[in-house]
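Undergrad: following is a predicted model, sequence given first.
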Amino acid sequence: MQRELSNQWFAGGGTVVQSVLSLVMLAGLLAFVLFSILFWVGLPVERMMLVSAGVAGTLTGLLFIGEALMPRWERAWWKPPPGGRATVRLGRLSSLGAGIAFTAGGMAFLGYGWLTEHIVPGILAAFAAALAVTLLGMGCDRRRAEAARTGVRARGWLMASRREDDDLPADEAQGRRDARAELQPSIQGRLTGRTTLERVEARHKYLVGTASDASAPTDWPGAAEEWAAFRSAFAEGDEIWEFNTTSLRRGLTSGEEGFARLRDGTVVDWFITAVVG
């Protein structure tokens, strides 16, 4: 029983710890802003300003380290430079590097004076190691995110890609969920016009299994089955819209074309008929 309760705490209670640390970190950050203003106008609050900065930095570092070590903690996101295709969730390695950097910085502020005088080389070494680990981790994160996006933007029904999630490691499955979450607003913002299921099937005859259709893709034998499943998911009041997310980035055209199912104006499902780039 005790072991079971311990497992339940790590599964659910650990996120409570993350929330508490986040609130205390935010309080430290707000205190730092306040004491910085007071210091700027000439009040003798330098020590309190440094302590609040140290608390905010140290707790930020602990949050990142917790994200690296605790599987169920929500991890932060970062946006690649222009040209990157998707927002990327920090992986364990990059979270660990960021945690070491923030913790070292926070401890430097907390121990300003004696600490920084005696172990400056150690603090600098920690920053250098943290930078190397973070850059390595972020490179891995970006490659995983791109691979996950490739996996979920293949032609076919959205639910078809979800069927593979159960057979993947937890991090890869999470990457695919993130990629789908990234695609949904992209499709939502690139709807090109409302249509009907009948019009779609008249234009893309291979979706209803018309063997004589010359446009039928030979490398997509399951198109008709996936379309039938996609079609059967429609409920009363659902609408079907065309979408086209194709755009030009750094001289390369990439994106998706297909049809989205909308419920109350929100994209809830989609069927991709073409992938570019």
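TA: Received it, and whenever you're ready, just let me know what you need. The structure presented is a predicted model; accordingly, all values stated were derived computationally and were not measured. Numbering: from 1, shown residues only.
Undergrad: all contacts plus neighbour counts: C-alpha atoms, from now on.
TA: OK.
Undergrad: got the contact list for residue 21?
TA: When contacts are counted by C-alpha atoms under 8 Å, 6 or more residues apart in numbering, residue 21 touches 59, 63.
Undergrad: and the helix or strand that it is a member of, how far from the chain's centre?
TA: Taking DSSP states H and E as the criterion, residue 21 maps to helix 14-40. Computed by C-alpha atoms, centre = their mean, to the nearest Å, the separation of helix 14-40 from the middle of its chain amounts to 24 Å.
Undergrad: contacts for stretch 36-44 next, please.
TA: 45-46, 49.
Undergrad: between those residues, which sits nearest residue 266?
TA: residue 49 (46.5 Å; C-alpha to C-alpha).
Undergrad: tell me who's in contact with the closest one.
TA: 31-32, 35-36, 39.
Undergrad: could you do residue 156 as well?
TA: 223, 226-227, 271-273.
Undergrad: what's the spacing between it and residue 217?
TA: 12 Å (C-alpha to C-alpha, to the nearest Å).
Undergrad: residue 180 - how many residues pack around it?
TA: When neighbours are counted by other C-alpha atoms under 10 Å, residue 180 registers 20.
Undergrad: quick check, it in contact with residue 151.
TA: No. Taking contacts as C-alpha atoms under 8 Å, residue 180 lies outside contact range of residue 151: 9.8 Å.
Undergrad: and the lengthiest helix in the chain, how far out from the chain middle?
TA: Identified as the longest helix of the chain according to DSSP state H is helix 120-152. Chain-centre distance of helix 120-152: 15 Å, with C-alpha atoms, centre = their mean.
Undergrad: so after it, what's the next helix or strand?
TA: Trace forward from helix 120-152 with DSSP H and E and the next one is strand 156-157.
Undergrad: just for the stretch 51-200 of the chain, where's the confidence low?
TA: 78-86, 114-118 (pLDDT under 70).
Undergrad: can you give me the helices in it?
TA: 92-110, 114-118, 120-152, 158-162, 170-188, 197-203 (DSSP state H, counting those that start in this stretch).
Undergrad: point out the most buried one among those helices.
TA: helix 92-110 (a mean of 25; mean count of other C-alpha atoms under 10 Å).
Undergrad: touching that one from outside, list them.
TA: So helix 92-110 is contacted by 50-51, 53-65, 67-69, 75, 115-116, 123, 126-127, 129-138, 141 (C-alpha under 8 Å, 6+ apart).
Undergrad: alright, that wraps it up for me.
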